[in-house]
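Participant: Kindly return the folded structure for what I paste below:
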Amino acid sequence: MDVESAAEARTLIAALGDTASFYKVGLELYTSAGMDFVRELKAQGYSIVAVEVAEGARAYQEFEFPVRTCLVLGNEGKGVYPNVLRQCDAAVFIPMAGKGRSVNVAVAAAIVAFRAVLG
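Facilitator: I've put the predicted structure just below:
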């Protein structure tokens, strides 16, 4: 884990669960980073934002992403684990029409990271 280079990135994606294949210039991906990593990022001034349908979550388009943001995505089956969600500073969700309430985790990462980076 290269936390020093992670601290230089504007937005991080932490996939705490299933692995994902999402890489983009200016973003860094960590898989199964764990709670120590979350605490370390918070100590470095990052806001930890879960991408999850959760109590108090706001639509991602309405959320003002801080410059130093780490996006946390859970696995496609169970989402962000409760112990991780409790450590997050905020949660955002992707509004969906129809019966489905989720999208593929890589798609969710792309949608929300685009907004977080480019506003």
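
Participant: Residue 52 - nearest residue in space that isn't next to it in sequence?
Facilitator: Nearest non-adjacent residue to residue 52, counting by C-beta to C-beta, 6 or more residues apart in numbering: residue 80, 4.6 Å away. Quick note: C-beta positions are derived from backbone N, CA and C, even for glycine.

Participant: And that neighbour, its phi and psi?
Facilitator: Dihedral pair for residue 80: phi -80, psi 130, per degrees, to the nearest 10.

Participant: List the residues that contact it.
Facilitator: Residues in contact with residue 80 (C-beta atoms under 8 Å, 6 or more residues apart in numbering) are 16-17, 50-52, 54, 72-74, 88.

Participant: repeat for residue 65
Facilitator: 11, 47, 49, 115-116, 119.

Participant: longest helix anywhere in the chain?
Facilitator: Counting by DSSP state H, the longest helix found in the chain is helix 105-118.

Participant: Pull out the buried positions in that helix.
Facilitator: By 16 or more other C-beta atoms under 10 Å, the buried positions in helix 105-118 come out as 105-106, 108-110, 112-113, 115-117.

Participant: Break down the protein into its helices, ranges please.
Facilitator: Using DSSP H, helices in the chain cover 3-8, 35-43, 82-85, 105-118.

Participant: gap between the second one and the chain center?
Facilitator: The chain centroid and the centroid of helix 35-43 are separated by 13 Å, computed with C-alpha atoms, centre = their mean, to the nearest Å.

Participant: Would you mind naming the residues that bridge with the residue nearest in space to the middle of the chain?
Facilitator: Centrality entry for the chain: nearest residue to the mean C-alpha point is residue 71, 1.8 Å, by C-alpha atoms, centre = their mean. With DSSP bridges applied, residue 71 shows beta-bridge pairing to residue 13, residue 49.

Participant: Then residue 58?
Facilitator: residue 92.

Participant: Going forward, count from 4.
Facilitator: Sure thing, new numbering starts at 4, so read that last one as residue 61.

Participant: now it: how far from residue 46?
Facilitator: Per C-beta to C-beta, to the nearest Å, residue 61 is found 25 Å from residue 46.

Participant: Which one of the two is surrounded by more residues?
Facilitator: The neighbour comparison of residue 61 against residue 46 (other C-beta atoms under 10 Å) goes to residue 61, with 13 against 10.
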